[in-house]
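>>> Starting from these lines, generate the structure:
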Amino acid sequence: MRILCMGDVVGDEGVRSLSEGRALSRLRDGLRADLVIVNGENAAPTNGISADAARILFDAGADVITGGNHSWRRRDVYTLLDDRPAMLRPANYPDSAPGHGSCVVTASGQRVLVMNLIGCVFMEPVASPFTTADAVLAAYKGQYDLAVVDIHAEATSEKLALARYLDGRVHVVFGTHTHVATADEQILPGGTGYVTDLGMCGSHAGVLGVAAEPILHKFLVKTPVQFTPAVGEVAVHGVLFEIRNGRCVSAQRVT
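Now for the predicted structure:
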């Protein structure tokens, strides 16, 4: 089983980077990926993800779209979060929030549990990603063959700690949210594939997908400013995980 996980899609440039010219489909075919997971929580032009952006990403070849702290920024996506099982938001938000935090999809004859979690360090206080992961795994016991976790978090220590906690119980843990691809892809002792952050799909001309000018204004002047998406210098980042005989055997960065 080869699972391609693509980093945070940012704005229209990020959506186009995966959709135009069948880019994601061609990448999938070239890497012989059986399953594609895309973090899309910033795919709308001004933050969050819109229903239109989500549909474009699904049409482009994403099997599952994961989210994060901006999942509910655009109200037009609420119905899609509720109605489409493969459109995820973090599981450790309250059950009353629109959407669901996990799903099971079938790929190459195997049932893959995909779980979306969010960190607590330097972020909004929610339920622990550690105990939430335990609860999700228990709820799906006997219903999946492989398990993959997207931990959307600020702190690198929290991401790695969660991966260590789940090592041997899930097959892949990848981090999202910081938009910078890390160089620590590895196989943990229990056979879980891990990377701290997949990186970003979108324009690298600004600062983490946002135009440089408003970011510089915020740092230098400190007064409120409207962020606008960066344009140009588009790149995509992700990691391809390969699983054999119940263990992840490789984690390869994709750019």
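>>> give me phi/psi at the spatially closest residue to residue 196 that is not a sequence neighbour?
Once flanking residues are discounted, residue 196 sits nearest to residue 182: 4.1 Å by CB to CB, 6 or more residues apart in numbering. Backbone N, C-alpha and C define where each C-beta goes, glycine included. When read as degrees, to the nearest 10, the backbone of residue 182 gives phi -100, psi 160.
>>> same thing with the one 10 residues further on?
Residue 192 has phi and psi values of phi -90, psi 130 when expressed as degrees, to the nearest 10.
>>> Leaving out sequence neighbours, find the closest residue to it.
residue 167 (4.5 Å).
>>> in this structure, which residue is closest to the centre?
Closest residue to the average C-alpha location of the chain: residue 39 at 3.0 Å, with CA atoms, centre = their mean.
>>> Contact partners for that one?
For residue 39, the contacting residues are 6-9, 65-68, 150, 152, 176, 198, by CB atoms under 8 Å, 6 or more residues apart in numbering.
>>> Quick check: strands, which of those are part of them?
Those of the contacts of residue 39 mapping onto strands are 6, 8-9, 65-66, 150, 152, 176, per DSSP state E.
>>> my read: the residue nearest to residue 196 touches residue 195, true?
Yes: Residue 182 is in contact with residue 195 according to CB atoms under 8 Å; the separation is 6.1 Å.
>>> Those two: which is more packed in?
Neighbours were counted for residue 182 and for residue 195 using other CB atoms under 10 Å; residue 195 has more, 27 against 17.
>>> Setting aside sequence neighbours, what's the nearest residue to residue 59?
Excluding its sequence neighbours, the residue lying closest to residue 59 (CB to CB, 6+ apart) is residue 19, at 7.2 Å.
>>> Could you measure from that neighbour over to residue 235?
For residue 19, the distance to residue 235 equals 15 Å [CB to CB, to the nearest Å].
>>> So between the two, which is more surrounded?
Using other CB under 10 Å as the criterion, residue 19 and residue 235 rank with residue 19 on top: 19 against 16.
>>> what's that one in contact with, if anything?
By CB under 8 Å, 6+ apart, the neighbours of residue 19 are 56-57, 59-60.
>>> Next, the contact list for the residue nearest to residue 192, please.
Counting by CB under 8 Å, 6+ apart, residue 167 touches 188-192.
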